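>>> just the structure for this:
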Amino acid sequence: MNFADAMIAAAARAPGAYLVVASDSLACTATLGEVVAAGRRMGTRMSAAGIGRGDIIACMLANWREWLVVAVAAAQAGAVMLPIVTIYGAKELGFILRQSGARWLFTPDRFRNVDYRQVVADCGDLPALERHVATGPDFDALEADGPIADPVPMDANDLALLVYTSGTTADPKGVMHSARGFLAEMETMRLMRAGTDDDAVISPWPPGHVAGALSMYRFLCQGTPLILMDQWDARLAAELIDRHKVTSSSGTPFHLSGMIAAADAQGYDLTSLRQYLVGAAPVPPSLIERCQALGLAVYHCYGSSEHPTVTSGVVDDPLDKQLHTEGRAILGSEMRFVDDDGRDVAPGEDGEICTRGPELFMGYLDPALNAAAFLPGGWYRTGDIGRLDEGGYLLITDRKKDIIIRGGENISSKEVEAVLLGHPAVADAAVVAAPDDRMGEVVRACVVLAPGATLALHEVRDHFLAAGIAKQKTPERLSILPELPRNASGKVLKHELRRTS
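Sure thing, here's the model as predicted:
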């Protein structure tokens, strides 16, 4: 089954499944039937305008109804959906649009005081981009009443979703997913969830990330009622859970702890919330224990843009497993643990986690990245280090990938280091994660200054603002060092930097 078939079937089965968007700019309520019909009208117009099978449709929209309409339209037209996070500046957006060859781009007109027409203009030459559609009259005309054609036939194994992840390289990586893989992920997680018949979900994840896209497609392809916010507000999240009797959610410790604190302060009732899946950041055991006291089952999961869910806890797991592991492999997912040469380590020993399964991505858009990403047999090298315990539960013990996870957002150290080295006061630089109670991790810049130079954190912030990259990547801690610790081959010893304050 492809995305269009799944969406049409879900709308026929549950046309009244509801969507609630809490937003200052595009707040609305809608039903699945309405969203799918609007998207199919838009997709029909896309086809008439020359969009064909396999063309890339970029969507830089927030958690809005409009994002869902574009996703349906892309499926209807046989196109590939490319979600892009709204925080990206011209540097990141321009790279993604040029590499992907996106023919159409959907953005807000304005959002969070950003003029997106100007951002697109600042991207420079975009030879493949034919049309930029901003929210407002242009968008409304594409989804207005009109004919609906049959969807363009697509094979379930065709490229259907392209997601970019910062990963460990300086430039984002295009991660290719088929409809078959993404639908397999959603069906497996549906089977693992308890209380599916009356499920309602609130999602804090931006839809430019896999976790956010999964929540959106779960509404479109399974009819699961969905509550959305276009920017995180812990008090509003608690209010929405109380008002709509939300049963499940996911997020980082930052999202969960803030929501519980807001509910305590404002008197909101969270008892409908039966389960909460925590990922993308280390989870303090004290937070899960607090949730247990409230009767809320909280468990971990492990995955990535390339393999969205490899392992997951479930509500019936023993408390110690919920507290200290990432759960067990989901149905169909497999794991191996290998050394640096790709050889299996002994059971119970730490090794690089390699995965495969029906949800695994098709490969990177840049084929040059694939050789290093896979072992023979289709095993994906995650770059993370771990092992299984005696019960088959996954323990993550280290991270080979040099990334910082700030509030669930992957930040490439190499990219930040490249910007730092462009500052005239910086002679040498390395970036590591610094623990943070609110965000899980933040960017810490460790720099060696040029002779006679000085540097303050506010000057670093000004430099990153001028570079035009996402604000979240800007260092929030600064350490001035006489030199960076290196090994005999010159590699920076980041484990030593992490041990220093």
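
>>> measure residue 462 to residue 469 for me?
Distance, residue 462 to residue 469, using CB to CB, to the nearest Å: 13 Å. Backbone N, C-alpha and C define where each C-beta goes, glycine included.

>>> between the two, who's got more neighbours?
Per other CB atoms under 10 Å, whichever of residue 462 and residue 469 has more neighbours is residue 469, with 20 against 13.

>>> check contacts around that one.
Contacts here follow CB atoms under 8 Å, 6 or more residues apart in numbering; on that basis residue 469 touches 89, 91-92, 415, 419.

>>> now residue 156
Per CB under 8 Å, 6+ apart, neighbours of residue 156: 1-2, 178-180, 183.

>>> mark which of the residues you listed are buried, thanks.
2, 178-180, 183 (16 or more other CB atoms under 10 Å).

>>> any stretches of the stretch 401-501 of the chain with poor pLDDT?
Regions of the stretch 401-501 of the chain meeting the criterion pLDDT under 70 cover residues 401, 487-490, 501.

>>> quick one, strands of it?
403-406, 409-412, 426-436, 440-449, 477-480 (DSSP state E, counting those that start in this stretch).

>>> let's have the ones you listed in TSV, adding mean neighbour count and distance to residue 311.
Below are these laid out as TSV (neighbours: other CB atoms under 10 Å; distance: least, CB to CB, whole Å):
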stretch	mean neighbour count	distance to residue 311
strand 403-406	22	17
strand 409-412	21	18
strand 426-436	20	22
strand 440-449	22	19
strand 477-480	16	31
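
>>> could those strands be laid out in TSV, adding distance to residue 215?
Formatted as TSV, the strands of the stretch 401-501 of the chain follow (distance: least, CB to CB, whole Å):
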stretch	distance to residue 215
strand 403-406	19
strand 409-412	16
strand 426-436	25
strand 440-449	20
strand 477-480	32
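
>>> point out where the chain drops to low pLDDT.
Ranges of the chain meeting pLDDT under 70: 166-170, 194-198, 279-286, 401, 487-490, 501.

>>> now do the domain split for the protein, please.
27-181+196-217, 403-499 (automatic domain parsing).

>>> quick one: end-to-end length of the shortest one, please.
This points to domain 403-499. Across domain 403-499, the terminal residues are separated by 16 Å (CA to CA, to the nearest Å).

>>> distance between it and the chain's centre?
23 Å (CA atoms, centre = their mean, to the nearest Å).

>>> what's the answer for the first one, then?
Here the centre of domain 27-181+196-217 is set off from its chain's centre by 14 Å, with CA atoms, centre = their mean.

>>> please shift the residue numbers so they start at 56 in all later answers.
Right, with 56 as the first residue, what we last looked at is domain 82-236+251-272.

>>> first-to-last residue distance for that domain?
First-to-last residue span, domain 82-236+251-272, CA to CA: 19 Å.

>>> ok, back up a step: filter the buried ones among the contacts of residue 211 down to just the ones in strands.
Here DSSP state E is the test, and these give residue 233 as lying in strands.

>>> among the buried ones among the contacts of residue 211, which one sits closest to residue 71?
Nearest to residue 71 out of the buried ones among the contacts of residue 211 is residue 238 (CB to CB; 22.0 Å).

>>> doesn't residue 59 make contact with the closest one?
No - Residue 238 is beyond contact range of residue 59, at 11.7 Å (criterion: CB atoms under 8 Å).

>>> format the contacts of residue 211 as CSV; extra columns: distance to residue 283.
CSV is the format used below for the contacts of residue 211 (distance: CB to CB, whole Å):
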residue, distance to residue 283
56, 25
57, 24
233, 25
234, 22
235, 26
238, 21
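
>>> ok, which pair from the residues you listed is furthest apart?
56 and 233, at 11.0 Å, using CB to CB across the contacts of residue 211.

>>> now the helices for the stretch 156-305 of the chain?
In the stretch 156-305 of the chain, the helices defined using DSSP state H, counting those that start in this stretch lie at 171-177, 192-198, 234-247, 265-277, 289-299.

>>> right, and those - which one's nearest residue 457?
Per CB to CB, nearest to residue 457 of the helices of the stretch 156-305 of the chain: helix 265-277, 20.0 Å.

>>> the closest one vs helix 234-247, what angle?
Counting by axes from the mean of the first three to the mean of the last three CA atoms, to 10 degrees, helix 265-277 points 90 degrees away from the direction of helix 234-247.

>>> which other helices and strands does helix 265-277 contact?
helix 58-68, helix 87-103, helix 120-131, strand 214-220, helix 234-247, strand 256-258, strand 281-284 (3 or more CB pairs under 8 Å, 6 or more residues apart in numbering; DSSP states H and E).

>>> need those in TSV with distance to residue 427, can you?
Listed next are these as TSV, based on distance: least, CB to CB, whole Å:
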stretch	distance to residue 427
helix 58-68	30
helix 87-103	36
helix 120-131	30
strand 214-220	15
helix 234-247	21
strand 256-258	32
strand 281-284	37
